[in-house]
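Participant: sequence and predicted structure below; questions after.
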Amino acid sequence: MRRIFQIDGEETECWLSHDGTNLIVNMPDGSVPCRLDPTSEPGGYVLRARGRVQELRLAVGPDATFVHLNGRAYAIGRVDPAERLAGSDSGAADDRIIAPMPGVVVAVNAKPGDQVKEGQILLVIESMKLETSLAAPRDGVVAEIPFAAGDSFGLKATLAQLAPEED
Amino acid sequence: MSISKLLVANRGEIAARVLRTAKARGLATAVLRHPSEQEGPAHLIADEVVSIDGPTPVAAYLDIPQIVEVAERIGADAVHPGYGFLSENAGFVAALEQASVTFVGPTSEVIDLMGDKVRARGFVEERGFPVAPSAIEDDDPATFVERSRAVGYPLLIKPSAGGGGKGMRVVREDSALESEIETARREGERYFGDGRLFVERYIERPRHIEVQVMGDGQGNVVHFWERECSIQRRFQKIIEETPSPALSAQQRLDICETAAGIARAVNYRGAGTVEFIYAQDGSFYFLEMNTRLQVEHPVTEMVTGFDLVAEQLRIAAGEGLSAAQDDIAQSGHSIELRICAEDATEDFRPAIGDILLLDEPQGTGVRVDSGILGGGKVTTDFDPMLSKLIVHAPDRTQAIARARQAVQNYVILGVTTNTGYLDAILAHPDFASGDISTGFLAEQADTLTAPGEDISDLLIAATALSDDRLVGEVMQIPEMHRKMGGWRN
Amino acid sequence: MRRIESQIDTNAPDFKANHAAMTERLKEFHARQHAARFERPQRDIDRLARQNKLGVRERLKLLLDPGTPFLEFSTLAACREYDGAVPGAAVVTGIGIVQGREVAIHANDASVKGGAWYPHTVKKIVRLLDVALENRLPVIHICDSAGGFLPLQHGVFPDRYLGGRVFRNQVKLSQANIPQVAIVGGHCTAGGAYVPTLSDYNVIIEGTGAIFLGGPPLVKAATGEEVGVQELGGAVMHTSVSGTGDYRAATEEHAFSLAREIVSQWKRTPKTIIETASFEEPYYEPKELYGIIPKDRKTQFDMREVLARIVDGSRFHEYQPDYGTTMICGYAHIWGYKVGILANNGVLFNDSSLKAAHFIQLCNQNRTPLVFFQNITGYMVGREYEERGIAKDGAKMLMAQGGSVVPKFTVIANASYGAGNYGMCGRAWDARTLFMWPQAEIGVMGADQAANTMADVKIRQLEREGKKLSDEEIAAIRDPVLEKFRHDVEAYTSTSELWDDGILDPADTRNALGMSISASLNAPIDDPHYGIFRL
């Protein structure tokens, strides 16, 4: 029910409500009851808001809405705040790679001190007749990889450790 | 050498525009298309759409052997090159000749001559037509100061090796000439390691005026009057009009006759444009000749009533011109606006996007030469010009009013365009009074891109209310709870 | 339906005096509510900020659909307990809207004693979960609690309706296919660990949220193991190792965004259909209630004037208008919902009791929810009425009311004394929601009668011992009793003890009922069936 609207690089967070008759756009500086009714023209609407009646043309794109109003065209970006928040948990990655099951190290692709990228394969293990590649959980520097190829390890063994992130 | 099937070796609005006339003349028609290219109006008009390949779409349109092969394969007996791409490529003309396919345009010799700016200037100057006075130090270093003095003031001293304005000096008085030459030389040496200089007449607040000419290659040349093209951004025209508000009747005749004379001197065949730089004092100098149909040709068509593409096709088919000079008169005023996918507030950065809604203006005196279709996509593969809006009205004031109304009603949604910027230019008092020069847009940049009335709350309202997902979420709330709003007990 | 013709003169001195008295009461009430919701010692506010946690009200704001109502229950719970140091009983409960769905919300208020569970906390949570069960409302738990308040552990832990009942109700909700989501925004220790784990979904906020049966100090004491909060029960561990947690949220905002997304996955079950009409605001201004309710509780008033300021269009279809006139029965709409209304206009006599019993059965037959407006001093006493069988007729009314299958809602508008409280669907009778107006009183009898009765007993006992009491001595016996009774029958006592779901500003009654009725329709309405009516 909330949206961030972007016009010329400026963001405005609003929420929409409905009082049973009109939709109300609630902006930081006040609530605006409004109506948008289609006209016979393609993409044509009449907007009633703030005591004004405006004819406009409108097209909705995937991330932005385009409005032709008073002879000019405007692009209004739309961002769902929930989607923006959904991306905020990426920093939550662990520093360690913990053995998901007991097995044997097949290959070690990095050594302490290496700068690695998130998703880069640090080592390959074999367990239950399956090879599994283990990737760096985030960008960082390898602090420790305690096992060498051929070593076996137990459940929950720390297979790799990244150096703590510096702020 | 009559023509029965025409291949248009171009795309976008000009392909559509040429195809329309060709079809009206009863020709079979074909047009090219690169696989990554969007469907455009041209593809709807042409009888045949021929696919061409290339590492990039532009490369495909520049691929001479492939296009000649296409023309032969589909049995086209003539090729119209439009503008840009291969339209001024002598090699293309020669290759078509080899394949016995008619090129709708001038001979390769003329293209060669006019394509070489130094040769062209020399050719024109030799025949007594006005070129901007200049002096090159290298020609005879001993007489450089004298020759510079002869250029006349104000003049501009430039390092021969220069660029980017470095070391350029404007001299307005003779007393300063020699010291400025020495300063410029030192700067040239410092910046470019080369102290040689070049002097030319400095034209303050110049206008760009050009003349449409047409020759049959048999010695007959006519002009279709001038076009004023001073409204330019980044050296590219975006608004053109005719007649020029700067010219008196006599000046108009002079400049047009000069252009026709230059065309006559090369026994010109087809449509061409002679471009002049026009000074505030009324003097004008040859700049260059474009040996093709210009983007802005429609304004000429609107005021003269001639179909220039039809004339091109007549000439190519050996039918000659349809009119003599006396038949060609200017009636009313016409303005063309180039609608481009670009952001005027971000230094004209090209814009991309999907054309979600397209509604082009129409009505009396309004013409749209469009290269796009609703539902299409604008990419950076080609030039950002999407279409041209051309208006015609009895006089300039009415033409401006009509142009403003039309551009305000030009609905292109989904990609940023310059319609608002064009409207701001048309609304500018200096434009209305005709007091413009090629520097106008740069001088007025801040005024022209100034934000208008803040209507962001209306835009937000329209956006929110047309956001089906958002409205859907709100309408999920039971009606009673919606009506209660944020009630708390 | 005809509009009630109001006889009220808003310029009359009585009206103005009443209005002034009620306004004064409401000022106090709103101030107390505001304090209970927002006023906290600075150190508690600082502690939350230090812990990087949002307050419960901010959390609700993130959770609820913007611009939608929230019906909060028992804001003043525990206001007369623990020296008033546990405002709201350290928990916020209510019914709100999340992603367009009606949900019940249980949110610990960590700004009060770290969200510890006091006896009244447990009572309030259990009540909320009962509301969820009765109305089949999904529950959102916002967990942030220090755990049971140990010094009062016997008031929190062992009995049938204490701590265990919270979890028992969670199980019953799940069994009944009623979804629950928990947002863990603080520690859930020991029993508290079962709130998120018995929820269908849970979200743990990284850094602040943790779930464990025993926290680090207890673990150290029990086994000597030294372990930090995050390793023991933090978001990363639970969402990646133990599977105790479902979603890990980076921030509070993210957690509530996730919770909202989870709620939007739930299927919406169609609500029970009852008769409805389109909305109509009351024709008469609801705030005029302030001038209608007498400042002296003993003054009689016409309950129709009250109804006219609550029901849609002030329209009322009265049943048996000329019979048993101390009991007003009839149909009206509240927020479009058709309801059967029973409102006291005096003492309950035989005829008024029979009328009520009959009307209750009509509403059950018609699947029409019932709304009770109490202003009742009791069933009529005296030889005449006993001979007419007032106890038998009262029993019929209780049998009909208690046997009702339609949702019932009660507003204690003024007096609620004696068996009248029972007949008019008092707390024991399963009203889906029960609210009190601030001046209302509840008790076996009024404070004066009670004090007089008790003083008389004492005086007669002393007289039997041959003591003759002076007026002063009588007053000395009577006054403290009266004082205590006056205190005990007050709405603040009731609401402190959770005998109601909260005190309402009378002008809010219409919305509170609308929210309650709407919520109740999430549960089906059974076929009517009754016990034995003593005829």
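Facilitator: That came in fine, so what should we check first?

Participant: now stretch B:254-261: buried residues?
Facilitator: B:255-256, B:258-261 (16 or more other C-beta atoms under 10 Å in any protein chain shown). C-beta: built from backbone N, CA, C; applies to glycine.

Participant: and that stretch, how far out from the chain's middle?
Facilitator: 21 Å (C-alpha atoms, centre = their mean, to the nearest Å).

Participant: just stretch A:69-86 next, same as before
Facilitator: Relative to the centre of its chain, stretch A:69-86 is centred 16 Å away, using C-alpha atoms, centre = their mean.

Participant: got the CA positions of it in PDB?
Facilitator: Once non-C-alpha atoms are left out, stretch A:69-86 reads as follows in PDB (Å, rounded to 0.1, in the frame of the first residue of the first chain):
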ATOM      1  CA  LEU A  69       0.000  16.500 -18.700                       C
ATOM      2  CA  ASN A  70      -0.400  20.100 -19.800                       C
ATOM      3  CA  GLY A  71       1.500  19.400 -23.000                       C
ATOM      4  CA  ARG A  72       4.500  17.800 -21.300                       C
ATOM      5  CA  ALA A  73       5.500  14.300 -20.700                       C
ATOM      6  CA  TYR A  74       6.800  13.100 -17.300                       C
ATOM      7  CA  ALA A  75       8.300   9.900 -16.100                       C
ATOM      8  CA  ILE A  76       7.400   8.800 -12.600                       C
ATOM      9  CA  GLY A  77       9.400   5.900 -11.200                       C
ATOM     10  CA  ARG A  78       7.600   3.500  -8.900                       C
ATOM     11  CA  VAL A  79       9.400   1.600  -6.100                       C
ATOM     12  CA  ASP A  80       7.700  -0.800  -3.800                       C
ATOM     13  CA  PRO A  81       9.400  -0.200  -0.400                       C
ATOM     14  CA  ALA A  82       9.000  -3.800   0.400                       C
ATOM     15  CA  GLU A  83      11.100  -4.800  -2.500                       C
ATOM     16  CA  ARG A  84      13.800  -2.300  -1.500                       C
ATOM     17  CA  LEU A  85      13.800  -3.800   2.000                       C
ATOM     18  CA  ALA A  86      14.000  -7.300   0.600                       C
END
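
Participant: how is the chain partitioned into domains?
Facilitator: All of this is about chain A. Following automatic domain parsing, one finds the domains of chain A at A:2-85, A:93-162.

Participant: ah, no, chain C please
Facilitator: C:42-263, C:286-444+C:490-520.

Participant: chain A is nearest to which of those?
Facilitator: Counting by C-beta to the nearest C-beta, chain A lies closest to domain C:42-263 out of those; the figure is 3.1 Å.

Participant: any part of the closest one near chain B?
Facilitator: Yes: using C-beta under 8 Å from any C-beta of the partner chain, domain C:42-263 reaches chain B at C:65-72, C:97, C:99-102.

Participant: same thing with stretch C:521-533?
Facilitator: No: applying C-beta under 8 Å from any C-beta, one finds stretch C:521-533 out of contact with chain B, separated by at least 10.0 Å.

Participant: identify all contacting residues around that stretch.
Facilitator: By C-beta atoms under 8 Å, 6 or more residues apart in numbering or on different chains, the residues outside stretch C:521-533 that reach it are C:102, C:134-137, C:269, C:271-274, C:337, C:357, C:361, C:364-365, C:367, C:395-396, C:399-400, C:402-407.

Participant: so how far is chain A from C:Tyr283?
Facilitator: From C:Tyr283 across to chain A, the span is 18 Å (C-beta to the nearest C-beta, to the nearest Å).

Participant: reformat the domains of chain C as JSON lines; add mean pLDDT, distance to chain A and mean neighbour count.
Facilitator: JSON lines is the format used below for these (pLDDT from 0 to 100; distance: least, C-beta to the nearest C-beta, whole Å; neighbours: other C-beta atoms under 10 Å in any protein chain shown):
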{"stretch": "domain C:42-263", "mean pLDDT": "95", "distance to chain A": "3", "mean neighbour count": "21"}
{"stretch": "domain C:286-444+C:490-520", "mean pLDDT": "97", "distance to chain A": "11", "mean neighbour count": "21"}
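
Participant: relative to B:Asn10, which of the domains of chain A is closest?
Facilitator: Of all the domains of chain A, it is domain A:2-85 that lies closest to B:Asn10, at 27.5 Å by C-beta to C-beta.

Participant: quick check: end-to-end length of that closest one?
Facilitator: 12 Å (C-alpha to C-alpha, to the nearest Å).

Participant: ok now that domain, how far from the chain's centre?
Facilitator: On C-alpha atoms, centre = their mean, the centre of domain A:2-85 falls 23 Å from that of its chain.

Participant: same question for stretch C:113-122.
Facilitator: Distance, centroid of stretch C:113-122 to centroid of chain: 17 Å (C-alpha atoms, centre = their mean).

Participant: against C:Gly215, how distant is C:Thr239?
Facilitator: 19 Å (C-beta to C-beta, to the nearest Å).

Participant: that older thread, out of the residues of domain C:42-263 next to chain B, which comes closest to chain B?
Facilitator: Nearest member of those to chain B, counting by C-beta to the nearest C-beta, is C:Gly100, at 2.8 Å.

Participant: contact partners for B:Ile352?
Facilitator: When contacts are counted by C-beta under 8 Å, 6+ apart, B:Ile352 touches B:341, B:377-380, B:415.

Participant: for chain C, tell me which of these show up nearby.
Facilitator: Of these, not one also sits near chain C (C-beta under 8 Å from any C-beta).

Participant: which among the residues you listed count as buried?
Facilitator: B:341, B:377-379, B:415.
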